[in-house]
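Novice: Kindly return the folded structure for what I paste below:
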Amino acid sequence: MASEKNAHTCVEEMRQVRQARKFLAQPVADDLLHEVLEVARWTGSSRNTQPWRLIVVTDRAQLRQIGALRAPIAWVADAPLAIAIVLDGDNPTTESYDEGRLSERVLIAAQLLGLGGGVAWYGDAGQQAQAKRVLGIPEERAAHSMIVLGYPETTKDHRPNPAQGGRMPLTELVSYARLGERAK
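Specialist: Now for the predicted structure:
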């Protein structure tokens, strides 16, 4: 019974994960960063290839340069820390899947550790190339995004024209056996 209660608590905590884009100025504690990086290390990947390398970015100038790539990620400039995901570039299909898995695991770990986080997508191929130059990533590698971490000031989207929040009810979201078929 105790483990079931712990599992429900953990699942409830996972439901609370939100994209944070505004952080307190305080740096992320080294022990928490280490825990997050360990979660990243243990994240599963297609055929256990672990096609990623991670770059921890705390340099203000680099964060400003990444935030300047495109308006929707300008908030990166004010973050205390980001983890850039560098992919091998050998298999874009599976690496894209693995990048998503890694990002979600890190965001969940951050939430459980009292941090907040968000994913910043660099943008089109030209913007990705610029990000790679800023981060010293070789041209043959793939780099699409970074996970931004810190102590959240808010999880409200403070950007102009934020999307409306909320979730669809399961009755609209879930079908059984075929799209559009509801539970009996």
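Novice: list the contacts for D98?
Specialist: Counting by C-beta atoms under 8 Å, 6 or more residues apart in numbering, D98 touches S45, S46, T49, P51, W52, L87. Where you see a C-beta, it was placed from the backbone N, CA and C, and this is true even at glycine.
Novice: Mind giving me the ChimeraX select for those, buried ones only?
Specialist: Of these, the buried ones go into a single ChimeraX selection, burial set by 16 or more other C-beta atoms under 10 Å:
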select :45,51,52,87
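Novice: Can you lay out the contacts of D98 as JSON lines showing pLDDT, distance to R178 and secondary structure?
Specialist: Listed next are those as JSON lines, based on pLDDT from 0 to 100; distance: C-beta to C-beta, whole Å; DSSP: H, G, I helix; E, B strand; the rest coil:
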{"residue": "S45", "pLDDT": "90", "distance to R178": "31", "secondary structure": "coil"}
{"residue": "S46", "pLDDT": "90", "distance to R178": "28", "secondary structure": "helix"}
{"residue": "T49", "pLDDT": "88", "distance to R178": "34", "secondary structure": "coil"}
{"residue": "P51", "pLDDT": "93", "distance to R178": "34", "secondary structure": "coil"}
{"residue": "W52", "pLDDT": "95", "distance to R178": "36", "secondary structure": "strand"}
{"residue": "L87", "pLDDT": "97", "distance to R178": "35", "secondary structure": "strand"}
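Novice: wait, which of the contacts of D98 is closest to D78?
Specialist: Distance to D78 across the contacts of D98 (C-beta to C-beta) is lowest for W52, with 25.3 Å.
Novice: for the closest one, which residues make a bridge with it?
Specialist: Residues in a beta bridge with W52, per DSSP bridges, are L87.
Novice: E153: how many residues sit nearby?
Specialist: 15 (other C-beta atoms under 10 Å).
Novice: The nearest residue to it once chain neighbours are set aside and D78, how far apart?
Specialist: Distances taken as C-beta to C-beta, 6 or more residues apart in numbering put K22 closest to E153, at 4.6 Å, once the chain neighbours are dropped. Per C-beta to C-beta, to the nearest Å, K22 is found 7 Å from D78.
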